[in-house]
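Novice: okay, here's the prediction I keep looking at, along with the sequence it came from:
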Amino acid sequence: TLVVYNRLRAEWELPGGTIEPGETPAAAAARELREESGQTPAGLVRTGTARLRIAGATAEEACAVFVASAAATLDFTPTDEIGAIAWWDGSVDLPGGPLNPIDRALIGLSVG
């Protein structure tokens, strides 16, 4: 599973973000993956929708969840937001900080 290190939150997380006006969930997933990791998805498949409420929030959020394959890891250039990328198989701790618990659960449900 490809994860990115979010410098602002000091944690590892799945690449992702909001859908822009006129964009489909799949197009948003592909764009966010490129923007945050420098990777281009192949075989992007929607695996479901996660509904969650962040602690302290009054509204529930819906998140489209996708999986993709990659023939090779493309070059990555750190940004102000994303400091690193890593392939994580769940067997070792990631360097520099924890994996976001929501994203850990999503990974478990998507690749379980």
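Specialist: That came through fine.

Novice: biggest helix in the protein, by residue count?
Specialist: Ordering each helix of the chain by length in residues (DSSP state H) puts helix 25-37 first.

Novice: other SSEs contacting that one?
Specialist: strand 2-6, strand 42-52, strand 61-69, strand 82-87 (3 or more C-beta pairs under 8 Å, 6 or more residues apart in numbering; DSSP states H and E). Using the backbone N, CA and C atoms, a C-beta is placed for each residue, glycine as well.

Novice: next, the buried residues of it.
Specialist: 26, 28, 29, 30, 31, 32, 33, 36, 37 (16 or more other C-beta atoms under 10 Å).

Novice: most tightly surrounded among the helices and strands packed on helix 25-37?
Specialist: Greatest average neighbour count among the helices and strands packed on helix 25-37 goes to strand 2-6 (a mean of 21), per mean count of other C-beta atoms under 10 Å.

Novice: and the angle for that strand with strand 82-87?
Specialist: 160 degrees (axes from the mean of the first three to the mean of the last three C-alpha atoms, to 10 degrees).

Novice: neighbouring contacts of the next helix or strand after strand 2-6?
Specialist: Downstream of strand 2-6, the next assigned helix or strand under DSSP states H and E is strand 11-13. Outside strand 11-13, the residues that touch it by C-beta atoms under 8 Å, 6 or more residues apart in numbering are 3-6, 86, 88, 94, 96-100, 103.

Novice: identify the farthest-apart pair in the residues you listed.
Specialist: Greatest spacing in the contacts of strand 11-13, by C-beta to C-beta: 96 and 103 (15.3 Å).

Novice: one step back: now, which of the contacts of strand 11-13 sits nearest residue 80?
Specialist: residue 6 (10.7 Å).

Novice: quick check: chain neighbours aside, which residue is closest to the closest one?
Specialist: In space, and not counting its chain neighbours, residue 6 is closest to residue 13: 5.4 Å by C-beta to C-beta, 6 or more residues apart in numbering.

Novice: and of the helices and strands packed on helix 25-37, who's closest to residue 19?
Specialist: Set against residue 19 and scored by C-beta to C-beta, the helices and strands packed on helix 25-37 come closest in strand 61-69, at 8.2 Å.

Novice: show me the shaky parts of the chain.
Specialist: 111-112 (pLDDT under 70).
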